[in-house]
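**Q** quick one: sequence and predicted model below, then my questions.
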Amino acid sequence: MESYALLLGSTLSAGTVLAIAALGLLINEKAGIVNLGAEGMMLCAAIAGFATVVHTGNTWLGFAAGMAVGALLAAVFGVLVIWLNTNQYATGLALSLFGVGFSAFAGISYVQAKLPELPRYAIPVLGDIPLAGPALFRQHPLVYLTMLLVAALVWFLYRSRAGLVLRSVGESPESAHALGYPVRRIRLLAVMAGGALCGLAGAYISTVYTPLWVEGMVAGRGWIALALTTFATWRPARVLLGAYLFGGVTMLQFHLQASGVQVASQLLSMLPYVATIVVLALISRNPAWIRANMPASLGKPFYAGS
């Protein structure tokens, strides 16, 4: 039973990484922008967060640094695709490739660096419950803040005027522009907010989830987060559930290895990516369902002045 409790606890932590990044990409896509640069932004944020914690010893400052780097890279992407009308897909891929290379270069001197030991977190009383306590109530505060973020994003998108404006920009930017809304500025802010969340996810990986720096340590999570938005049909609550599902598949490989299951480690390492492909293939069997939930202007340029 203890091994299952450990699997559940690690699933929550692994899912948090995917959930934060996917929520950021969801905000982008609700505004009609597809950003394929999540992997690169997360890597740059990971080294920025790690370096900040090495020099300051403060994990929360590391999170802030990661968010700042993510927002900055997203702003560059936003200016290129929103004002200069470059191709969103090509620009996003370029950003991803840039992030991979730049993070590897910037992180050379931090490969052997060590972070200060993280404090142990536990919710009083609940953390002492046998089995469930260590799994559910001894997580890093960001795990619980992510759950609150999902609730806040649901309220923002579907219960606030600002969320309605953001969705209108993603559904029909021409109509929003005709009503006097600055479509380009709204899209840029959405892209930067999404970039900040991707940056937070990257910093969480290098400072909490696996507190070290290794080149390419994001290991495709940016692409999985991108797939999650489609898997969740652009709904924040479903993003969280999907993130825990993929996080569980990711941690299952370690659980099976520890249990002595005689399966090649390379095959187990493939599980998260195979699951992503299978899920996307199943969802794609119903194009009408995708079109009914996808923002109408997703990936399309907007040329009107604003």
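**A** Okay, I see it. A quick note: this is a predicted structure, and the numbers were derived from the prediction, not measured. Numbers count the residues shown, from 1 in each chain.
**Q** which residues does the helix or strand containing Leu240 contact?
**A** Using DSSP states H and E, Leu240 falls within helix 236-258. Defining contact as CB atoms under 8 Å, 6 or more residues apart in numbering, one finds that helix 236-258 is touched by 3, 6-7, 10-19, 22-23, 26, 146-147, 150, 153-154, 157, 224-225, 228-229, 231-232, 263, 265, 268-269, 271-272, 275-276. Bear in mind the C-beta positions are built from the backbone N, C-alpha and C, glycine included.
**Q** narrow the residues you listed to those that are buried.
**A** Among these, those classed as buried by 16 or more other CB atoms under 10 Å are 6-7, 10-19, 22-23, 26, 146, 150, 153, 157, 224-225, 228-229, 231-232, 268, 271-272, 275-276.
**Q** from those residues, which land in helices?
**A** 6-7, 10-19, 22-23, 26, 146, 150, 153, 157, 224-225, 228-229, 231, 268, 271-272, 275-276 (DSSP state H).
**Q** could you report the neighbour count for Val111?
**A** For Val111, the count of nearby residues is 10 (other CB atoms under 10 Å).
**Q** can you check Tyr110 too?
**A** For Tyr110, the tally of surrounding residues (other CB under 10 Å) stands at 16.
**Q** could you do the one 10 residues further on as well?
**A** One way to gauge burial is a neighbour count; for Arg120, by other CB under 10 Å, it gives 7.
**Q** likewise for the one 5 residues further on?
**A** For Val125, the tally of surrounding residues (other CB under 10 Å) stands at 9.
**Q** all helices for this protein, in order.
**A** Going by DSSP H, the chain shows helices at 2-30, 38-56, 59-78, 88-106, 132-136, 141-159, 161-171, 173-178, 183-204, 221-231, 236-258, 265-269, 271-283, 287-293.
**Q** I'd like these as CSV, with mean pLDDT appended.
**A** Below are the helices of the chain laid out as CSV (pLDDT from 0 to 100):
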stretch, mean pLDDT
helix 2-30, 88
helix 38-56, 97
helix 59-78, 97
helix 88-106, 96
helix 132-136, 78
helix 141-159, 96
helix 161-171, 94
helix 173-178, 92
helix 183-204, 97
helix 221-231, 91
helix 236-258, 84
helix 265-269, 70
helix 271-283, 77
helix 287-293, 70
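**Q** of the ones you listed, which is nearest Lys114?
**A** Proximity to Lys114 (CB to CB) singles out helix 38-56 among these, at 8.0 Å.
**Q** buried sites along that closest one?
**A** Applying 16+ other CB under 10 Å to helix 38-56 flags 38-54 as buried.
**Q** just how off-centre is stretch 170-188 within its chain?
**A** Remark: stretch 170-188 is offset 25 Å from the chain centroid, using CA atoms, centre = their mean, to the nearest Å.
**Q** just give the closest residue to Ala31, not the sequence neighbours.
**A** Leaving aside its chain neighbours, Ala31 sits nearest to Ala190 (3.7 Å; criterion: CB to CB, 6 or more residues apart in numbering).
**Q** make that Ser168, sorry
**A** Closest to Ser168 by CB to CB, 6+ apart is Ala176, at 4.7 Å.
**Q** the one you found: neighbouring residues, count only.
**A** 24.
**Q** for Pro182, see how far away it is.
**A** 9 Å (CB to CB, to the nearest Å).
**Q** Ile224 now?
**A** 33 Å.
**Q** ok, now Arg161?
**A** Separation of Arg161 from Pro182 (CB to CB) stands at 15 Å.
**Q** between those two, point out the one with more neighbours.
**A** Shown here are Arg161 and Pro182; by other CB under 10 Å, Pro182 has more neighbours (14 against 8).
**Q** for the more buried one, give me phi and psi.
**A** phi -80, psi 90 (degrees, to the nearest 10).
**Q** number of nearby residues for the nearest residue to Thr210 once chain neighbours are set aside?
**A** Leaving aside its sequence neighbours, Thr210 sits nearest to Met217 (CB to CB, 6+ apart; 6.7 Å). The number of residues packed near Met217 is 20, by other CB under 10 Å.
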